[in-house]
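Undergrad: attaching a predicted model along with its sequence, questions to come.
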Amino acid sequence: MMTVADMGYKEFTAYLEKVFNITLGDVKKIIKAFHSEMKKGLSGFESSLKMIPSFVERPTGRESGKFFALDLGGTNLRLLAVELDGKGASNVSTVSKFVIPPKTMTGAGDELFDFIAECISSFLTESNIDKEKNYDLAFTFSFPVEQTNIAAGKLIAWTKGFTASGVEGKDVIMLLNEALKRKGINCIRIAALANDTVGTLAAKCYNDRDCDMGVILGTGTNACYPEKISNIKKWRGLDPRGEMIINMEWGNFNKLRFTSYDKDVDDESLNTGCQYLEKMVSGMYLGEVTRKIIRDYIHRGLLFTNADSNAFIKKDSFLTEDMSLIASDESTDCALIDEFLKKSGLTEVTIHGKMTLKNICRITSVRAARISAAAISAVIKWTDPKLKNNHTIGVDGSLFEKYPGFSGAMLDVFKILFKEKASKIKLELAKDGSGKGAAIIAAIAATAGTSS
Ligand code: ADP
Ligand code: MG
């Protein structure tokens, strides 16, 4: 029998298609495993899904006021001024975007929070904010946090390449307040702590009552949904008739079929053994999984044979953004791909080589889209087993927004799985949802009078 080692181009490509394929059977297996992990997580048993209560329910659409939102996603830090009109419209009046320097992500925790305070200070100045007045700010902190009330929560563990020291186990609102004090910023009151998924759900829900899920497909991936309090078995003493939004932390789901490439990416990551689903799906890792396959083709002498054999040899030298560009090239002469390769120092790549590159990107991105769709299907089936209702899924994140064909590949899964009922599911981009939604959560906190 032929081993993987001595496969030719055709056999190797067919082998990859097979190991990366997510069949209908796989989708069903993922759904079943999700339900089992969800149940354990909600009951407080060991599970790869933490199922974290968020202390908020869905907004009514009547929340109003002006709020600032600070959105720390993973790659970017955004500051927004959001106005809620109380009738379902949320307007972002100003946005400032800052890139988090890699050194700040992995240095001392205090430096990270000082950097955030510095960004807040620039935002206040750039937007001509009167520092004599007081403002409520909602902090979207998109990492697993054990929340203790609407405006307090401890970081459980860093993800997405962050390792800043002295933050795990600490209340991130307290750390931010201390940094604001160090910087002499007195006009900001932190009214709410929100996860980006919860923000996204709140933002979409504000004007669409069918919205019952918030999903992130950006640097990382995660989701939340409203759960009946009676199902949150690990919680006692709450009104069992109500609902609470649950932050699933689904990036950590681990009942998935890992390939050798996924294993390598995991081994070389800063959080080995964690966030398996995230590493197979999200923007931070998709380029890297793909790069591993490209390298395997090169190593086998099946790609770029008359070009530089060291192409893409460095970790993280091939990005999900590059995949997007390659996937967007519909031309017969692969002009865009050519331009990209030339920029990467690769000349004289054959059309066959360019098509191979495009095909590898398709294989890994379709797998990512199908796994995300399977995970969404699991949540829909959990809350509405017979698919009686409409479901709007609010999605935020550049991977979903910008990757050509990503949402289409997700919808294909719904069609195969739910057949004609798939039309009840809508995937909608909730642009800046995580920031806008945080403002809505701050408004909920303000009306409930529960914020500190
Ligand atoms: P965050 O996750 O930090 O809130 P985004 O939602 O903007 O921010 O996601 C940024 C991530 O999305 C990047 O790290 C990258 O992996 C991915 N990304 C950025 N641009 C594109 C693109 N054009 N196509 C696909 N993925 C992209
Ligand atoms: Mg984000």
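TA: Sure thing, it's come through. Ligands and ions are numbered 1, 2, ... in the order given.

Undergrad: what residues does the protein put near ligand 1?
TA: Residues of the chain lying near ligand 1 by CB under 6 Å from any ligand atom: 73-76, 218-219, 283-284, 320-321, 324, 397-399, 402-403. For the C-beta atoms, the positions are set from N, CA and C on the backbone; glycine is no exception.

Undergrad: list buried residues within those.
TA: By neighbour count, with 16 or more other CB atoms under 10 Å, the residues of the chain next to ligand 1 hold 73-75, 218-219, 283-284, 320, 324, 397-399, 403 as buried.

Undergrad: which of those lies closest to residue 120?
TA: residue 73 (15.8 Å; CB to CB).

Undergrad: quick one, domains of the chain?
TA: Domains of the chain are assigned by automatic domain parsing as 1-52+207-431, 55-194.

Undergrad: go through the ones you listed and name the closest to ligand 2.
TA: domain 55-194 (3.1 Å; CB to the ion).

Undergrad: quick one: buried residues of whichever helix in the chain runs longest?
TA: When the chain is parsed with DSSP state H, its longest helix is helix 351-383. Buried residues in helix 351-383, counted by 16+ other CB under 10 Å: 353-354, 356-358, 360-382.

Undergrad: again, but for stretch 6-23
TA: 7, 12-13, 16, 20, 22.

Undergrad: ok, stretch 133-145 next?
TA: Across stretch 133-145, burial judged by 16+ other CB under 10 Å covers 135-145.

Undergrad: before we move on, what about stretch 411-428?
TA: Under 16+ other CB under 10 Å, the buried positions of stretch 411-428 are 411-414, 417-418, 422, 424-427.

Undergrad: contacts for that stretch?
TA: With contacts defined as CB atoms under 8 Å, 6 or more residues apart in numbering, stretch 411-428 is touched by 22, 24, 27-28, 204, 208, 210-211, 369-370, 373-374, 376-377, 380, 387, 389-395, 400, 407, 410.

Undergrad: list the ones among the residues of the chain next to ligand 1 that fall in helices.
TA: Those of the residues of the chain next to ligand 1 lying in helices (DSSP H): 283-284, 320-321, 324, 398-399, 402.

Undergrad: residue 436: which of those is nearest?
TA: Using CB to CB, residue 398 comes nearest to residue 436 of those, at 16.3 Å.

Undergrad: check what pLDDT the residue found closest to the closest one once you drop the neighbours it is linked to in the chain gets.
TA: Distances taken as CB to CB, 6 or more residues apart in numbering place residue 218 nearest to residue 398, at 5.3 Å, with adjacent residues excluded. On pLDDT, residue 218 comes in at 96.

Undergrad: residue contacts, residue 218?
TA: 73-75, 282-283, 396-400.

Undergrad: could you redo the last one with a cut-off of 6 Å?
TA: 73, 283, 397-399 (CB atoms under 6 Å, 6 or more residues apart in numbering).

Undergrad: now swap in residue 84 and tell me
TA: 63-65, 90, 443 are the contacts of residue 84 under CB under 6 Å, 6+ apart.

Undergrad: recalculate using a threshold of 10 Å.
TA: 59, 61-67, 90-91, 206, 436, 439-440, 442-443 (CB atoms under 10 Å, 6 or more residues apart in numbering).

Undergrad: neighbouring strands - and their directions - for the helix or strand where residue 227 lies?
TA: Residue 227 is part of strand 221-228 when elements are defined by DSSP states H and E. Applying DSSP bridges to the sheet, strand 221-228 is found paired with strand 211-217 (antiparallel), strand 243-247 (antiparallel).

Undergrad: and the next helix or strand past the helix or strand containing residue 19?
TA: Per DSSP H and E, residue 19 falls inside helix 9-20. Using DSSP H and E, the helix or strand that directly follows helix 9-20 along the chain is helix 24-43.

Undergrad: pLDDT on the helix or strand just after that following helix, on average?
TA: Scanning forward in sequence from helix 24-43 by DSSP H and E, the next helix or strand is strand 52-53. Mean per-residue pLDDT for strand 52-53: 94.

Undergrad: now stretch 148-161
TA: What stretch 148-161 shows for mean pLDDT is 94.

Undergrad: can you offset everything so residue one is 21?
TA: Shifting the count to begin at 21 puts that one at stretch 168-181.
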